[in-house]
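Enquirer: Whatever this is, show me its structure:
(2 chains)
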Amino acid sequence: MTRYTGMAHVYGDHIDTDRIIPGKYTKTLDTGDLAAHVLEDLDPQFSMTVQVGDMLVAGINFGCGSSREQAPIALKAAGVSVVIARSFARIFYRNAINIGLPVIEAKDHMIQAGQRISVDLENGVIHNEATGETYTATRMPAVMVAILNEGGLVNYLVKHGDYPNL
Amino acid sequence: MQQTVAEKIISKHAGRAVHAGEIVIVRVDGVMATDATAPFALKAFREMGGTRLWDARRVSLVLDHAAPAPNERVANLHKMMRDFAAETGCHFYDVGAGICHQLMVENAHVKPGDLFLGADSHTPTYGAVNALAMGVGSTDLAATMLTGKTWLKVPESIKFILHGRLNPGVSAKDVILYCCKLTGIEGATYLSVEFTGQAVRDMTLASRMVLANMVAEMGAKCASVDPTGLTLPYDWQPTFPDNDAHYQHVYEIDVSLLRPQVAIPHSPDNVVPLDVVRGVKIDQAFIGSCTNARLEDLQAAAAVLKGKHIADGVRLMITPASNRVFQDALRDGTVAILMEAGAFFTTSGCGVCVGSHMGVPGDEEVVISSTNRNFQGRMGNPNAKIYLSSPAVVAASALRGYIADPLEVMA
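Expert: Here you go, the predicted structure:
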């Protein structure tokens, strides 16, 4: 896995999937349409200001609520490179890995908006370039690492024909 | 080692005895996707090289989230699903048949002991029929459509023991709202939630579905309702937990002490006794969703509204859980009572609850709703306020024009 560097957009706890992408916009296969409305009810400026490679940073239970895969798809299509949170809701976490959007759980991060952050997914280390702090991430299960390394579950199954051996 | 219901059902599908914390590959008995999640699932299925389903009899597609189609874009997604079903021979429920979770139970696509995946977060509802059912996203669902398998982590479990009998005017919805308050919205993340106790054993299937449905609002992976007292129209074997199975936490609640509960904006765990918000003026009242739109829910509303009329300036909208529920409510006179009281009915589906189709509230409007989520923007307008309650409380509030207790209006 590679190393990512980007600027942090920081939000709070319990950001639900309705706030990541409202239900009224989810009935489409056009990922550009999803990106245009990402986080609309939380921060109407986000879709205008986000740059390719930026990171989304949140508190606990990020992505709670619905099973809509449109939530991680919208973030990825908007250019978000990595989502960092103190904890994730389970379906969002799994969906993100399945579509190849890196997500990383760091229970004690102190990241502020606008700070430059680098993430070493392989070793589970997050470095805050603005403060010099380093945060250790929760270990991802091997099955998820294998799927993420192939860029998602579609690519994994195309290449290997079955789930990873456990 | 002693096992919970989740450990037992997963063991059966993994082909060996498993316990919480293990990551395993399991075979899956059935899958379901809706018009909100199937389009991306079918796209992923094709990209995986999929042409044939692993077993067409175990795959169901349902048009319920924006149905009938509100515009040409959704109409074309519906058409894509219709064409896929015709090509592969899977089960297909077209516009108006009902809400996916109601249809899976009504038509026995999910049965006791099954391990089931649904591309919808309220899939744990099938814990009411003693199955283990989990919500997944579109790509996971596509992979199971292709392989008949998935990978999962065996969850730890928590247990609610519900003692006593429910008082008049109090229902399974009040119980589960109270449970959501106890755990908080992330309190059961990754966990299986078991329900047992006298109050559970006395419940109808419809009420058991209310309990299992809203474990999604605790972040849970799946639910399991004690099958004692459950009747189903076919032969089945119950799965019980072992006596010494391990639970991360056990909550004991005497439901006879419980009064009607209301979740206030903007989170389903933001729950207070109704008395705290009694008198809050409402604009729209809604009875619908996979949580509370079955015959007993419509009957509970009719019992409150019989021979009366809703308040001026309030709209009471009702979406039956399925076409079958609607027909049953027509036959027994429930629909007539509700319409004479000023209610109107919409096509069975999810659109109002999820804000994807019809019934959108205006800015600053207040909604009382029998649904499961009141996140900001949930019903389609971030400037509206949504309160969640039982169908009886929705009906009483529509009658008064403000949040009201069913007992006070029936007295």
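
Enquirer: quick one, what contacts residue 152?
Expert: Here I'm looking at chain A. A:Gly152 makes contacts with A:97-100, B:139, as judged by C-beta atoms under 8 Å, 6 or more residues apart in numbering or on different chains. To be clear about C-beta, it is placed using only N, CA and C from the backbone, and glycine gets the same treatment.

Enquirer: Let me rephrase: I mean chain B.
Expert: Neighbour list for B:Leu152: B:10, B:23-24, B:26, B:134 [criterion: C-beta under 8 Å, 6+ apart].

Enquirer: Among the contacts of A:Gly152, pick out the one closest to A:Pro22, please.
Expert: Of all the contacts of A:Gly152, A:Pro22 sits closest to A:Ile99, with 19.1 Å by C-beta to C-beta.

Enquirer: Just confirm the closest one contacts A:Gln70, I think it does.
Expert: No - contact criterion C-beta atoms under 8 Å: A:Ile99 and A:Gln70 do not qualify, at 10.0 Å.

Enquirer: For those two, indicate the residue with more neighbours.
Expert: A count of neighbours by other C-beta atoms under 10 Å in any protein chain shown puts A:Gln70 above the other of A:Ile99 and A:Gln70, at 32 against 23.

Enquirer: if I look at that one, how far off is B:Ala398?
Expert: From A:Gln70 across to B:Ala398, the span is 33 Å (C-beta to C-beta, to the nearest Å).

Enquirer: So what does residue 131 have for phi and psi?
Expert: With no chain named, the answer covers chain A. Torsion angles at A:Thr131 (phi, psi; degrees, to the nearest 10) stand at phi -110, psi -10.

Enquirer: could you do chain B instead?
Expert: With angles defined as degrees, to the nearest 10, B:Ala131 sits at phi -100, psi 160.

Enquirer: Now do the contacts for it.
Expert: Taking C-beta under 8 Å, 6+ apart, we find B:Ala131 in contact with B:9, B:29, B:110-116.

Enquirer: What sits closest to it if chain neighbours are left out?
Expert: B:Asp114 (4.2 Å; C-beta to C-beta, 6 or more residues apart in numbering or on different chains).

Enquirer: For A:Gly124, which non-adjacent residue is closest in space?
Expert: Leaving aside its chain neighbours, A:Gly124 sits nearest to A:Ala137 (3.8 Å; criterion: C-beta to C-beta, 6+ apart).

Enquirer: Kindly provide the distance from the one you found to chain B.
Expert: Going from A:Ala137 to chain B by C-beta to the nearest C-beta, to the nearest Å gives 17 Å.

Enquirer: just A:Ile117 next, same as before
Expert: Taking C-beta to the nearest C-beta, one finds A:Ile117 at 24 Å from chain B.

Enquirer: My guess is that residue contacts A:Met55. True?
Expert: Yes - counting by C-beta under 8 Å, A:Ile117 does reach A:Met55; the two are 5.5 Å apart.

Enquirer: higher neighbour count, these two?
Expert: For the pair A:Ile117 and A:Met55, the greater number of neighbours falls to A:Met55 (26 against 23), based on other C-beta under 10 Å.

Enquirer: hmm, back to that, common neighbours of A:Ile117 and A:Met55, please.
Expert: Listed as contacting both A:Ile117 and A:Met55 by C-beta under 8 Å, 6+ apart are A:6-8, A:84.

Enquirer: Reformat those as TSV; add pLDDT, distance to chain B and secondary structure.
Expert: Listed next are these as TSV, based on pLDDT from 0 to 100; distance: C-beta to the nearest C-beta, whole Å; DSSP: H, G, I helix; E, B strand; the rest coil:
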residue	pLDDT	distance to chain B	secondary structure
A:Gly6	98	24	strand
A:Met7	98	26	strand
A:Ala8	98	22	strand
A:Ile84	98	17	strand
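
Enquirer: Which elements pack onto the helix or strand hosting B:Ala396?
Expert: For B:Ala396, the host element (DSSP states H and E) is helix B:391-400. When contacts are defined as 3 or more C-beta pairs under 8 Å, 6 or more residues apart in numbering or on different chains; DSSP states H and E, helix B:391-400 sits against strand B:284-287, helix B:295-305, strand B:315-318, strand B:366-369, helix B:406-410.

Enquirer: in the first one, what's buried?
Expert: In this case it means strand B:284-287. B:284-287 (16 or more other C-beta atoms under 10 Å in any protein chain shown).

Enquirer: Sheet-wise, list the partners of that strand with their directions.
Expert: Sheet pairing of strand B:284-287 (DSSP bridges) gives strand B:315-318 (parallel), strand B:366-369 (parallel).

Enquirer: Any buried residues in the longest helix along chain B, and which?
Expert: Of all segments of type helix in chain B, defined using DSSP state H, the longest is helix B:72-88. The neighbour-count check on helix B:72-88 (16+ other C-beta under 10 Å) flags B:74, B:77-78, B:80-81, B:84-85, B:88 as buried.

Enquirer: List just the nearest of these to chain A.
Expert: Closest approach to chain A among the buried residues of helix B:72-88 (C-beta to the nearest C-beta): B:Val74, at 4.8 Å.

Enquirer: Next, the contact list for that closest one, please.
Expert: A:27, B:35, B:66.

Enquirer: Now list the buried members of those.
Expert: Buried by 16+ other C-beta under 10 Å: A:27, B:35, B:66, out of the contacts of B:Val74.

Enquirer: can those go into a markdown table with extra columns for pLDDT?
Expert: Formatted as a markdown table, the buried ones among the contacts of B:Val74 follow (pLDDT from 0 to 100):
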| residue | pLDDT |
| --- | --- |
| A:Lys27 | 95 |
| B:Asp35 | 98 |
| B:Ala66 | 97 |
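
Enquirer: Sitting in strands, which of those residues do you find?
Expert: Applying DSSP state E to these, no entry is found in strands.

Enquirer: just curious, which of those residues is nearest to B:Gly359?
Expert: Taking C-beta to C-beta as the measure, B:Gly359 lies nearest B:Ala66 of the buried ones among the contacts of B:Val74, at 12.0 Å.

Enquirer: Fine by me, we can end here.
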